[in-house]
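Got a sequence here, can you model it:
(chains A and B)
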Amino acid sequence: MSVQAATQSAFRAVVARPGQALVGLGVALFLAAFLIIPVITVMIAAFQPKGGTGFTLVNFQDFFATDLFRRSFWNSLYVSAMSVLVATVLALPLAYFTTRFDFRGAVIVQTMGVIPLIMPPFAGAVAMQLLFGRNGTVNLLLDDWFGFKIPFMEGLNGVVFVEALHYFPLILINLSTALRNIDRAMEEAAQNLGCSGFRLFRRIVFPLAMPGYVAGASLVFIKVFDDLATPLLLNVKDLLAPQAYLRITSVGLADPMGYVISVVLIVASLVAMYLSLLALKGKDYATVQRGGGGLAKRTMTRGDAVLAYGVIGLILVLTLAPHIGLLLLSFSTIWSFSPLPDGYTIAHYVQVFSDSGQYIVNTVLYAGLAALIDVIIGTAIAYLVLRAGVPGAKWLDYAATAALAVPGVVLGIGYLRTYFGVTLPSGQSLAAFWGMIVLALAIRRLPLALRACTAALQQVSASLEEAAESLGATKARTVRRIVLPLMTGGLAAGFVTSFATAAVELSATMMLVQSSEDAPLAYGLYVFMQSPAGRGAGAALGIIAVVIVGICTYISNRIVDGDMAAKAGAH
Amino acid sequence: MILTRRLVTAALVALPMSAFAQAPTGKLTIVTSFSKDVTGPFKAAFEKAYPGTTVDVQNRNTNAGVKFVEETKANNAVDLFWASAPDAFEVLKVKGLLEAYKAKAEGVPEKIGQFPIHDPEGFYSGFAVSGYGIMWNTRYVAAQKLPEPKEWQDLATAPYFDHVTMAAPSRSGTTHLTIEAILQTGGWDKGWDIVKGFSGNLRAVTDRSFGVPDAVNSGQVGYGIVIDFFGFSAQGAGFPVKFVYPSLSTIVPANIAVVKNAPNAPAAKAFIDFMLSEAGQAVLFDPKIRRLPVRTASYDKAPDGLPNPFKFPWVSNAKFDVDKSEKRFAPVDALYDQLITFQHDALKAATKAIHEADAAIAKKPNAEASKLVAEARALVAAMPVTEAEAASAEIVGAFKGGSAKEKAPRQAELEQKWATFAKEKYAAALAKAEAAVKAAK
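Below is the predicted model of the structure:
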């Protein structure tokens, strides 16, 4: 196709669907204003000679000439790939048992499965060390009883261990949603043809849930690739994200290498995303018949049930251990070099409740609004990419995904640089307005919601929409009455992941909080965790964050479950 | 419209002037790296002393605070910048983001040892002093039957291997000053020998100053190289820790400064005056703060266990050349990172082998083995640049950037060169030390 023809067909596409083009334009403007422009104002340093102006690629040449950076690159790849593997092992049984079987407490398990995603900054790290560290509870007991220790939190494999525990819910949430959306008829057909057991799972069920799994796995990969909190907690610095962070956040003159590494991170994340899209290419995962309520739920035999509960219990204990540690820490007086705290007190909670109420209100407000924005924008992008013929829609997807690799500090500085000069009618600077914190959180968590929305839409067959349209419904009405209801599960999954992770986000917030009344909980936690006496109070605040997110997750899981049951009932 | 704006501007200009004559009022915004434990008591005391003022404290880590003040200078809403690290104030001063103010305070000496307490040009004022030292977890040390240290060199000996932690000097202004003090007092080569000696025993180099007391308090690591109040306030909170000042330490001030174009400059200046007054200095003795006042008379009322650094015998002798330190600030950080932080596994392996060789020789003396160990030590201590080179225009320029010369090396090139140098030397040292172990057997 010639360039001219391509332009013509693009033009025709826009003229044919002005509404979609308008939505696309709106999303593009949003991304440009709150992601691309602020980030470019900061990242431009990567392409300039140090302390000077003009354009140069010499910094990239230096990047590839430095052993440390090359080593960091390979280490980052290794850690990310291994984390996906371990996270899959943790997520698969939880997702499978709770969606395929008549499983008591499935909603509770699903909710508990999300909790590991909420690792409050600093407090979570201290709790992890107190449990799994070199002189943590587990190792002190092992040393006492058997005379050896296990280096859970040492080196690259320690990073893999902690990252997998932390991020496996991303796979769990997306995979469960996908499993719930599989048409029962597919499974029945396979069974009629004599397929059963593991073969049924391997050949029919899992392949049909592929969009959800790939969405989760690619998120885990990119999140781990770009994560700096965990490696820094474990003092592992030979990874790309910590290298970028250490250089960007040093006092004094800016070192372009930090921004160069950030550019490399963004490119690597996009490549990973592209590869995951390739893996799904050319296959159709949509099922036409809906309302079957997902896979047939079957009852387990007594033996199977014992086994299933055993496996799930074991996984939950392991993955929730950091939070159990956090809970202990929040009630402890002094906890130092001993398996358990010296004593217990509720003083920390009293302290936190007396002066941190505002933090809690702010957190729910900010994270809730951010997650809402994410689901709306995420659905819009997913729809434009998968359904509408609007040219360039894919680039919206790539741009939004790139946000995952943008370090929070970079986004924060970018907002200050771009918007501090703009004043609101009240005379306040736009960057000082609390809404900017919401936008920063929304941009940082958009990739998570976007993947969930995309996976949900991939499982809805386009022929359902065609049917609605041929019956006379307008495009907007079709989306509202057909597409969105069918995507409920995916939207809820997107909302939960965005909300849960936004509630404990700190790095961008730290730059943008302008007064303590506007501060969210994560910031309050940071304030506490900077002094020895504040450790317990910080942990208490962390527990409150976990509980808030847990309640919200539970409610949204109930809604999805109720929704499924209602559909199945109507069937 | 223009007229009203002028009126408003005139009113805004006039307001602080008239307020200055009376007591300061209104909102005072402070950006600080200090925790709530430190800021809370000061906020309460100041608001009580000056009714009608409200103090709004914004907690940010030092770097985020510096960046924030820098990025928002066009429409500045911050009155005071309050932090520990002297380098952060230097950065702000050089960028013209601070306003000079000479505090009205009595009884504060000009210098502690060689270190000026207030900025000589008057851009920031010291309100407390701190020294660096070693803190340790007494339960950890008792359980592992480890000794109690007195000097930096103690930390380099075999029993301490893998039991010590420290923040990277590039991440912590105060750690940087500790390293610099060792380099200045011990001399460039001897100083680096000491620094690499105990760095080889480090369990890890952390990226956050507070990560060090955190690890010691929770018993993950035995010893930490920390600023004194981390040790004192951990004791105050009830943790089983002890703290000691080695004799090669340095005492440095923690500072506060008025930000340029402060919206409420009168209150900001009043806050500094208050901090340096008798009442303000007494707040430092709060058990959760435990910092050392700059007003010498305040020590008469100091709580038990809090030392008077003005009386330390080594303080007056300690040499500290501020200009020298400033000039080679970035190269020293980068040298530490490239030779130690990012080559830590190799350095640790060599250090461990040297400890083993020492033990073998102690059991069975052997001249050849002793010679090999000495060579291994020399290889570890070797430096890629001399003292003069580190402060040369070429190297300093590479870190500053904006160099006009095309041929000048870039920071990334220097770092790669230093890293390669360290890797080769440590590998050679490991081989020598292993040979020494064999020879002594």
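
Find the nearest non-adjacent residue to the residue of the stretch 201-350 of chain B found nearest chain A, please.
With CB to the nearest CB, the shortest gap between the stretch 201-350 of chain B and chain A falls at residue B:219, namely 2.7 Å. Bear in mind the C-beta positions are built from the backbone N, C-alpha and C, glycine included. Among residues not flanking residue B:219 along the chain, residue A:337 sits closest, at 2.7 Å (CB to CB, 6 or more residues apart in numbering or on different chains).

Residue B:58 too?
Spatial nearest neighbour of residue B:58, excluding adjacent residues (CB to CB, 6+ apart): residue B:31 at 4.9 Å.

coming back round to it: which secondary structure state is assigned to the residue nearest to residue B:219?
coil (DSSP: H, G, I helix; E, B strand; the rest coil).

Wait, it touches residue A:137, no?
No - between residue A:337 and residue A:137 there is no contact under CB atoms under 8 Å: 10.6 Å.

Off-centre distance for the lengthiest helix in chain B?
As assigned by DSSP state H, the longest helix anywhere in chain B is helix B:411-440. On the basis of CA atoms, centre = their mean, to the nearest Å, helix B:411-440 sits 29 Å off its chain's mean C-alpha point.

next one: stretch A:522-541
Relative to its parent chain, stretch A:522-541 has a centroid offset of 24 Å by CA atoms, centre = their mean.

Report pLDDT for residue B:407.
For residue B:407, the pLDDT comes out at 65.

and what of residue B:216?
Confidence score, pLDDT, at residue B:216: 95.

And residue A:253, by the same measure?
For residue A:253, the predicted pLDDT is 54.

How about the residues of the stretch 101-250 of chain B by chain A?
Within the stretch 101-250 of chain B, the positions lying close to chain A (CB under 8 Å from any CB of the partner chain) are B:137, B:139-140, B:143, B:170-171, B:173, B:204-208, B:210, B:213-215, B:217-221, B:230, B:233-234, B:236-240.

Looking at the residues you listed, which are in strands?
B:137, B:204, B:205, B:206 (DSSP state E).

Compare the residues you listed and tell me which is most surrounded.
Highest neighbour count within these, by other CB atoms under 10 Å in any protein chain shown: residue B:137, with 29 neighbours.

Close to chain B: what parts of the stretch 451-571 of chain A are there?
Applying CB under 8 Å from any CB, we find that the stretch 451-571 of chain A lies next to chain B at A:510-511, A:513-516, A:523, A:526-535.

Which among these count as buried?
A:510-511, A:513-514, A:516, A:523, A:526-535 (16 or more other CB atoms under 10 Å in any protein chain shown).

Identify the residues contacting residue A:440.
Residues in contact with residue A:440, defined by CB atoms under 8 Å, 6 or more residues apart in numbering or on different chains, are A:34, A:408, A:411, A:412, A:415, A:508, A:509, A:512.

still on that earlier bit, and residue A:337 and residue A:137? which has more neighbours close in?
For residue A:337 and residue A:137, the more surrounded residue by other CB under 10 Å is residue A:337, and the numbers stand at 24 against 19.

Which pLDDT value belongs to the residue in the stretch 101-250 of chain A positioned nearest to chain B?
Going by CB to the nearest CB, chain B is nearest to residue A:235 of the stretch 101-250 of chain A, at 3.7 Å. Looking at residue A:235, its pLDDT stands at 86.

ok, for it, nearest residue in space, not its chain neighbours?
residue B:204 (3.7 Å).

what about residue A:424, neighbour count?
11.

unless I'm mixing things up, it is touching residue A:431, no?
No - with contacts counted by CB under 8 Å, residue A:424 stays clear of residue A:431, the gap being 10.0 Å.

Enumerate every residue touching residue 68.
Looking at chain A here, since you left the chain open. Counted by CB under 8 Å, 6+ apart, residue A:68 has contacts A:238, A:243, B:342, B:415, B:416, B:419.

not what I meant, chain B
By CB under 8 Å, 6+ apart, residue B:68 lies in contact with A:416, A:511, B:31, B:60, B:78.

Distance check, it against residue B:265.
19 Å (CB to CB, to the nearest Å).

same check, this time on residue B:106
In this structure, residue B:106 and residue B:265 are 22 Å apart, going by CB to CB.

now the strands: where do they sit in the stretch 301-441 of chain B?
When assigned using DSSP state E, counting those that start in this stretch, the stretch 301-441 of chain B turns out to have no strands.

Residue ranges in it under the pLDDT threshold?
The model of the stretch 301-441 of chain B has pLDDT under 70 over residues B:402-407.

Which residue is it, in it, that comes closest to chain A?
Closest residue of the stretch 301-441 of chain B to chain A, CB to the nearest CB: residue B:401 (2.6 Å).

didn't that residue look like it was pressed against residue A:53?
No - with contacts counted by CB under 8 Å, residue B:401 stays clear of residue A:53, the gap being 11.1 Å.

Settle it for me: which of those two has more neighbours?
For residue B:401 versus residue A:53, neighbours defined as other CB under 10 Å are more numerous around residue B:401 (17 against 9).

Quick check: chain neighbours aside, which residue is closest to the more buried one?
That would be residue A:51: by CB to CB, 6+ apart, it lies 2.6 Å from residue B:401.

How many residues are close by the one you found?
Residues near residue A:51, counting by other CB under 10 Å: 16.

any idea how chain B splits into domains?
As assigned by automatic domain parsing, chain B contains the domains B:2-129+B:252-317, B:131-250+B:323-440.

For these, state which one has the densest average packing.
Of these, the one with the most neighbours on average (mean count of other CB atoms under 10 Å in any protein chain shown) is domain B:131-250+B:323-440, at a mean of 20.

And whichever strand or helix holds residue B:183, what does it pack against?
Secondary structure assignment for residue B:183, by DSSP states H and E: helix B:173-186. Counting by 3 or more CB pairs under 8 Å, 6 or more residues apart in numbering or on different chains; DSSP states H and E, the packing neighbours recorded for helix B:173-186 are helix B:86-94, strand B:125-137, helix B:188-199, strand B:223-227, helix B:322-327, helix B:329-339.

So which elements touch the first one?
Taking 3+ CB pairs under 8 Å, 6+ apart as contact, the helices and strands that helix B:86-94 lies on are helix B:62-71, strand B:80-83, helix B:173-186, strand B:251-259.

Repeat that for the fourth one.
Identification of packing neighbours for strand B:223-227 by 3+ CB pairs under 8 Å, 6+ apart yields strand B:125-137, strand B:164-167, helix B:173-186, helix B:211-217.

averaging pLDDT over each of the ones you listed, which comes out lowest?
helix B:173-186 (a mean of 86).

Show which residues not belonging to that helix make contact with it.
By CB under 8 Å, 6+ apart, the list of residues contacting helix B:173-186 from outside reads A:251, B:62, B:84-88, B:130, B:132, B:152, B:166-170, B:191-195, B:209, B:225, B:227, B:248-250, B:252, B:318-321, B:324-325, B:329, B:332-333, B:336.
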